[in-house]
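*Asks:* Here's my sequence, what's the structure:
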Amino acid sequence: MRLHMGGRSPLQRVRSTLAAALCLGAGGFAFAASPSSPNAAPTRTMRDIADEAFASHCAQCHALVGMDGWQRLTPKEFYTVLRRGQMQEPATGLDDGVLHALAQAYGNPDAERERPPNGGAVPCGAPKPLAASGASWPGFSPDTTNNRFLKQSISKANIQGARLKWTFAFPSTGFAHGADNPIAVANGRVYVGNLNHRMYALDAQSGCAVWTFEADTGIRSGATIDAGTVAFGDMAGNVYGVDEGTGALRWRQLADPQSFGRITGTPLASDGRVFVPVSNLQEILGVVAKRSCCTANGTVAVFDAVTGKPVWQTHMIDQPLRYQGTNAAGSRQFGPSGAVIFAPPTLDTKRQLLFVSTGNQTSGPAVPEADAVVALDAKTGAKRWVKSLAPDDGGGSDIYSIACEEWADPSHAGCPQGATGRAGDHADRDISAPTMLVRREDGKEVLVAGTKDGILAALDPDAQGKILWKLRVGKGGELGGIEYGMATDGKLVFAPVADVAVPAQTGDGALTAVDLMTGKPVWRVPIPSDACRAKKDIYCVSGIVSPPVVAGDAVVVGGMDGVLRAYDRKTGKVFWSYDAYRDYDATNGRKGHGGGFGMGGVTIVGNMMYVTSGINSDAVGSNAASGILLAFELGAAP
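*Replies:* Numbering: from 1, shown residues only. Purely as a prediction, here's the structure:
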């Protein structure tokens, strides 16, 4: 690979640029004066301009998340990311010539040529028509309740006899890489997106590609299927509806024009409508204290599944955005902001309510919609009720940015006014897992919510979200508590706990079973503390962020240590495991490597079990596995 780095190695360039940034201070670079004579020969190059811009606008963030992925972007793609993509807001204040200088200096002219065709997928040799199959998993969960409960009969013997049937290695073709997207299955096809910008439709039995679709930018969400449309979102906030049979684009919409908006949670499709949760990345902006912040507002946008026509849109924060003064560095601050939606929504078809889980605020004043379960009228989007689960020890609010962290900025100059804690205390306690709608054994329907603060709670949907019980199942933290989802069989709630210490990157995670009627713990099984001892070259900690699935007598969930485990759902005893940390000669002819299990979770349809392995490494500051999709065929019952 040839990198366009102006004569010095990438490492030398990074070191010198970061050194300049540290000496000059974040955002404090003053561009050198122009030559005194307008006819004087230029003394600086485009590369010099690029390095100066990097030091003033990019270095502090990329010192945390790295920049290895830049080599996978062409100069044109690099420019597009700065001009109208995810880095548009951090690039504010840089003129167009400087953006071109950055693209020339840091983009890789050979990146496109080095990519495999068709997103690395091998087309099926013969046409693969849609299979009229009754078994499906058309989104984040088998149905709209997000219980992740499999109704088909699965025995322990089926799982114990599982064998790896085919694998799919994802090529790394964007800044971030890895594989932890949710997997949907319908009509004989597996639908999975990736940070490499692709949505894949793979044959469920062989893994060959029926079609692939290339989005504008990386895809973190899963797909949802309804009315012949496969719908999903990308990291620029775009929503796509493509034809289930051919992969042709039916429609495309920008879910919300807000700056730094993105689709993280899997949309939910039902009865011809697609419900899209909109999140945002503005909470990282505070790490550069000289940058103004924040304006984000969590949103649900609803579209017609066939035409893409907007149906309704509701913002979580009703209060108007107001000027809030300046931070310690003198930069303008705006608020309230935040309460974004990371998780898939949950649809109550009986009450015609849509339940969404919200994140923390990025600026004050405090609003009730943050760290909350919000009930919306599914037909109109009108708010019916709001129940906040913000931490009590934070005063009932959660106002946070990364600048509040000691490891990110010891001065806390960019920490928003009214922040509820520094160094992570009482802050960043989102509800990033979908709320589950569950029918208990006594016939009563309840909502179950889990927070990054480590709190599991049952709410009454018929009493404005009244809390029926609340239990602490984890310590909580920025990467603590319950992250991406839970599962239930109607008797027990199975709550995975991450409890990863940041920045030490040590975990104290576990899977906990809680009685749904009483809220009392039944069993807790921790991830072995030495699980990562021999796994030094991947991101590995002893925690669980992945949502489980309940299948027969088993609860199946993957850990951040790269091990997929099946637990006896009554006792918690692990009766089967598979370590994905290994090299693979994948079915699509590429080499891949497995790693930790992320937000995707296991999908089981018929006699097949699917999961993505290789947690989104760049998002957590570590370069690790390129990512692999594992397709297991379940064993036959004895």
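*Asks:* what's the helix or strand that contains A105 packed up against?
*Replies:* Using DSSP states H and E, A105 sits within helix 96-106. Where contact means 3 or more CB pairs under 8 Å, 6 or more residues apart in numbering; DSSP states H and E, helix 96-106 is packed against helix 46-57, helix 75-84. In short, each C-beta sits where N, CA and C put it, glycine included.
*Asks:* In JSON lines: those, plus mean neighbour count.
*Replies:* Listed next are the helices and strands packed on helix 96-106 as JSON lines, based on neighbours: other CB atoms under 10 Å:
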{"stretch": "helix 46-57", "mean neighbour count": "22"}
{"stretch": "helix 75-84", "mean neighbour count": "19"}
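*Asks:* export those helices to a markdown table and tack on mean pLDDT?
*Replies:* Output for these, formatted as a markdown table (pLDDT from 0 to 100):
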| stretch | mean pLDDT |
| --- | --- |
| helix 46-57 | 90 |
| helix 75-84 | 85 |
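*Asks:* Of these, which is nearest V602?
*Replies:* Between V602 and the helices and strands packed on helix 96-106, the tightest spacing by CB to CB is seen for helix 75-84, at 32.8 Å.
*Asks:* Name the residues that touch the closest one?
*Replies:* With CB atoms under 8 Å, 6 or more residues apart in numbering as the test, helix 75-84 has contacts from 4, 70, 73, 87-88, 91, 94, 96, 99-100, 102-104, 106-109, 111, 175, 217.
*Asks:* Format the helices and strands packed on helix 96-106 as JSON lines; extra columns: distance to P336.
*Replies:* As requested, these are arranged in JSON lines below (distance: least, CB to CB, whole Å):
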{"stretch": "helix 46-57", "distance to P336": "26"}
{"stretch": "helix 75-84", "distance to P336": "27"}
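*Asks:* Which residue, other than its chain neighbours, is closest to the spatially most central residue of the chain?
*Replies:* With distances taken as CA atoms, centre = their mean, the chain has T264 as the residue nearest its mean C-alpha position (4.7 Å). Leaving aside its chain neighbours, T264 sits nearest to S279 (4.4 Å; criterion: CB to CB, 6 or more residues apart in numbering).
*Asks:* looking at this, that neighbour is in a strand?
*Replies:* Yes: under DSSP: H, G, I helix; E, B strand; the rest coil, S279 sits within a strand.
*Asks:* what pLDDT does the residue nearest to M599 when sequence neighbours are not counted get?
*Replies:* Of all residues not flanking M599 in the chain, Y484 sits nearest, at 3.9 Å (CB to CB, 6+ apart). With respect to pLDDT, Y484 scores 97.
*Asks:* I figured Y484 hits M560, correct?
*Replies:* No: counting by CB atoms under 8 Å, Y484 sits too far from M560 to count as a contact (11.2 Å).
*Asks:* got any residues that touch both of those two?
*Replies:* When CB under 8 Å, 6+ apart defines a contact, the residues bordering Y484 and M560 alike are V545, S546, G598.
*Asks:* Return the subset of the residues you listed lying in helices.
*Replies:* Of the shared contacts of Y484 and M560, none are assigned to helices by DSSP state H.
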